[in-house]
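Undergrad: Sequence and predicted structure are below.
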Amino acid sequence: MGGRGLLVKKLSSTNHQRRFKKEFLKELAIFLLLKLITGHITIGTTLILQKEKGIDIAFLQSLIFQHQYEDTNILRPLGHVFWQGAEDNNDTKTKPTSCRNSVQGKALIADDKGFVCNRQNMLPNGCCKPDTEGTKHFSCETCHNNGCCSIYEYCISCCLQPDKKEVLQDVLGKAAGTLNLLLASVTDHFELCLTKCRTSSQSVQHENSYRNPRAKHCYGEQPPPLETEGTVEVR
């Protein structure tokens, strides 16, 4: 009896450890993937973690997707406050207290009001200076009619146009249906554009080359056209 009791106790302890490890990995996955969304870490960093620390990113994602399926409350309901309306951005004379921006660009910055500017024209509060030469609002420069752009910052600015709401609602609807954590967990219009405009697997062919290096940042559902398919109209 004593041996059996010891075995039961050991099995119970093992199961507890497994549950703890699973919960820990799930929380770690949430942390890593949300950091990836906001640009605080890169895909390269997650690959290093996977290679050197033995962290299986695909496994972590699968845990999150399973948890997300079990608790649909994680999928943020789409409300009006999610979207930036024309009334939020048309008054360029009103100076915002601060802005989030795309951070990473060496030459250009896109802020959450839809402005694109040269990095040297970014104000201390993170916003583009709107009345400076070269600063553009809701610009689709370098973007094609299929929603793919050659420059990340212009993709964000174009994506933030209020009339892109319908396209982006389709993107979010499909993300929820496929349990795509990166898209389903964004909290507002700007985060969605930041995330969607990053290069993704849709932009790549044969795992090591872009389908179209001149149109690799896409806010819509369609992947970039293959470069061999010819050029597409630029807006």
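TA: Received the coordinates, thanks.
Undergrad: Next, residue 217: phi, psi?
TA: Phi and psi for residue 217, reported as degrees, to the nearest 10, are phi -110, psi 110.
Undergrad: helix/strand/coil for residue 175?
TA: helix (DSSP: H, G, I helix; E, B strand; the rest coil).
Undergrad: was I right about it contacting residue 183?
TA: Yes: Residue 175 is within contact range of residue 183, at 3.5 Å (criterion: C-beta atoms under 8 Å). All C-beta atoms are positioned from the backbone trio N, CA, C, and that covers glycine.
Undergrad: domain parsing for this protein?
TA: Per automatic domain parsing, the domain ranges recorded for the chain read 2-74, 80-229.
Undergrad: looking at these, which one has the lowest mean pLDDT?
TA: Sorting these by mean pLDDT places domain 2-74 lowest, at a mean of 54.
Undergrad: residue contacts, residue 100?
TA: Residue 100 makes contact with 111, 112, 126, 190 under the criterion C-beta atoms under 8 Å, 6 or more residues apart in numbering.
Undergrad: Looking at these, which one is closest to residue 132?
TA: Nearest to residue 132 among the contacts of residue 100 is residue 111, at 12.7 Å by C-beta to C-beta.
Undergrad: give me every residue that touches the closest one.
TA: 99, 100, 101, 102, 117, 122, 126, 127, 128.
Undergrad: Leaving out chain neighbours, which residue sits closest to residue 171?
TA: Nearest residue to residue 171, sequence neighbours excluded (C-beta to C-beta, 6 or more residues apart in numbering): residue 221, at 5.8 Å.
Undergrad: Near the one you found, how many other residues are there?
TA: Using other C-beta atoms under 10 Å, residue 221 is surrounded by 15 other residues.
Undergrad: wait, it sits on residue 174?
TA: Yes: Residue 221 is within contact range of residue 174, at 6.9 Å (criterion: C-beta under 8 Å).
Undergrad: how long is stretch 108-125 end to end?
TA: Start to finish, the residues bounding stretch 108-125 are 16 Å apart (C-alpha to C-alpha, to the nearest Å).
Undergrad: buried set for that stretch?
TA: For stretch 108-125, a neighbour-count test (16 or more other C-beta atoms under 10 Å) marks 108-118, 121-123 as buried.
Undergrad: how many neighbours does residue 184 have?
TA: As a burial measure, residue 184 scores 19 neighbours (other C-beta under 10 Å).
Undergrad: next one: residue 167
TA: Residues contacting residue 167 under the criterion other C-beta under 10 Å number 16.
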